[in-house]
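# My questions concern the predicted model and sequence given below.
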Amino acid sequence: MDFTCFGFIHCWLLTLCHGTKQCLRNWARPHSDSLAVGMALDLTRSKTQLVLENLLLRQQLIVLQRQVKRPALTWQDRTLLVLIASKLPSWRSALMIVQPDTLLRWHREIFRRVWKRRSKRKGKRGRPPLAEDVVALIQSMARENQTWGAERIRGELLKLGLQVAKSTIQKYINEVRSPLTHKQTWATFLRNHAKEIWAVDFLQTHDLLFRAVFVFVIIELESRRLVHFGVTRSPNDAWVAQQLREATPFEQGPRFLIRDNDNKYGQAFARVAKGTGIEILRTPFQAPKANAICERFLGSVRRECLDFCLIVSERHLYRTIKEYQAYFNHSRPHQGIGQHIPCPRQTDQLHRTEQIVSQPILGGLHHDYRRRAQERNTLACAA
């Protein structure tokens, strides 16, 4: 045999040995893609090899735990970890990538999913949905009758020949109003009698020389209209009574008048209110929310007017508030009444093609935007 043939056989044997060694390595490596194949191959290996491989994998898991981002696990992975842990007594010590509480939470979620699917009734349905007109009727009854509960509305529906469960009525009631209380709330009283209620309060400000000046305001709750105001440096009972007398000519006043517990409201003020047929409602102590609409107006006066003005005198403050009153009543939309104006302009129907003009208010601090046809009605509306 010559040297060339011997070299060829030697190379072929080396290649065969290298291929066999690589196959043995691939056979000994755990298969991560298939768990069943990896378990079958582990049965052919010795205990020493399995312990060493377990040590190697554990060290890699220790390194993996140092990472900031936790690996994402699918529901299949979670289910498999739960099943394996249920068969392994020492599963807490073998768990590395998640906490034991997390695995227990997965077990509870899988338990709920399984029993939820098994508890579904096949071929059966729940209650048939209510007709839209019946739902609208229930909600209308709940809005129009604040003291009616679900059982009372159920009896009214039975009178009309409609059978609806109490729980169903409660569901639709909660969509249009809050749960009932044992007594009528203050907000409900204000909402039901807003057209018959006025509110009064004082606003204290200072002039250029830091002298106190007081503004007395009267607000109508339903329209948010500034009914009357007065300016003085020394408010007292007689002066406040005169302001109420001027705001109610010919005894045309509201049914209720909300005020706080200020000592400026004395016997003279009470006599004028009683002579006009007004019932005075005093707010609780340290409860500004009981007179929230009037307090909100005073805040608007400060933020939109007085914070940008230097008051020189009492007369100057009166002219400023007078101009703000015209803007507040006839031009400024209010959120509490659906972005409407307290005193809407009495104008004919306008066309979108008419020109829009801007009129400065309070020296340009605010502007009133209107169409050209509204200009001729501005003076009449303000009067």
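Structure's in. What do you need? Numbers count the residues shown, from 1 in each chain.
# in what helix or strand does residue 367 lie?
Element membership for residue 367 (DSSP states H and E) is strand 366-371.
# mind listing what's buried in that strand?
366, 368, 370 (16 or more other C-beta atoms under 10 Å). No exception for glycine: its C-beta is placed from N, CA and C like everyone else's.
# Can you lay out these as TSV showing pLDDT?
As requested, the buried residues of strand 366-371 are arranged in TSV below (pLDDT from 0 to 100):
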residue	pLDDT
366	84
368	81
370	78
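# can you give me the strands for the protein?
For the chain, strands defined by DSSP state E occupy the ranges 197-206, 212-220, 226-232, 256-259, 279-282, 356-361, 366-371.
# mind giving me TSV with those and columns for distance to residue 116?
Output for the strands of the chain, formatted as TSV (distance: least, C-beta to C-beta, whole Å):
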stretch	distance to residue 116
strand 197-206	54
strand 212-220	56
strand 226-232	60
strand 256-259	55
strand 279-282	55
strand 356-361	60
strand 366-371	59
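# right, and those strands - which one's nearest residue 45?
Closest approach to residue 45 among the strands of the chain (C-beta to C-beta): strand 366-371, 86.3 Å.
# helices or strands up against that closest one?
Strand 366-371 sits against strand 356-361, with contacts defined as 3 or more C-beta pairs under 8 Å, 6 or more residues apart in numbering; DSSP states H and E.
# who's in contact with the strand it packs on?
323, 324, 327, 331, 366, 367, 368, 369, 370, 371, 372, 375 (C-beta atoms under 8 Å, 6 or more residues apart in numbering).
# mind running it again at 7 Å?
Residues outside strand 356-361 that contact it (C-beta atoms under 7 Å, 6 or more residues apart in numbering) are 323, 327, 367, 368, 369, 370, 371, 372.
# List the buried residues in that strand.
Residues of strand 356-361 classed as buried: residue 361 (neighbour count, 16+ other C-beta under 10 Å).
# That one - which strands sit beside it in the sheet, and in what orientation?
strand 366-371 (antiparallel) (DSSP bridges).
# re the thing from before, among the strands of the chain, which is nearest residue 117?
strand 197-206 (58.1 Å).
# I'd like to check what contacts the closest one. Which residues are they?
190, 212-221, 227, 235, 254, 256-260, 262, 264, 291, 293-295, 298, 301, 306, 311.
# which of those are buried?
190, 213-221, 227, 235, 254, 256-260, 264, 291, 293-295, 298, 301, 306, 311.
# what's the neighbour count on residue 234?
8 (other C-beta atoms under 10 Å).
# for the record, mean pLDDT for stretch 39-54?
The average of the pLDDT scores along stretch 39-54 is 76.
# That should have said stretch 82-101, apologies.
79.
# Which of the strands of the chain sits closest to residue 43?
strand 366-371 (86.2 Å).
# Could you pull up the residues touching residue 368?
327, 331, 359, 361 are the contacts of residue 368 under C-beta under 7 Å, 6+ apart.
# Name the nearest residue to it, ignoring sequence neighbours.
Leaving aside its sequence neighbours, residue 368 sits nearest to residue 331 (C-beta to C-beta, 6 or more residues apart in numbering; 4.2 Å).
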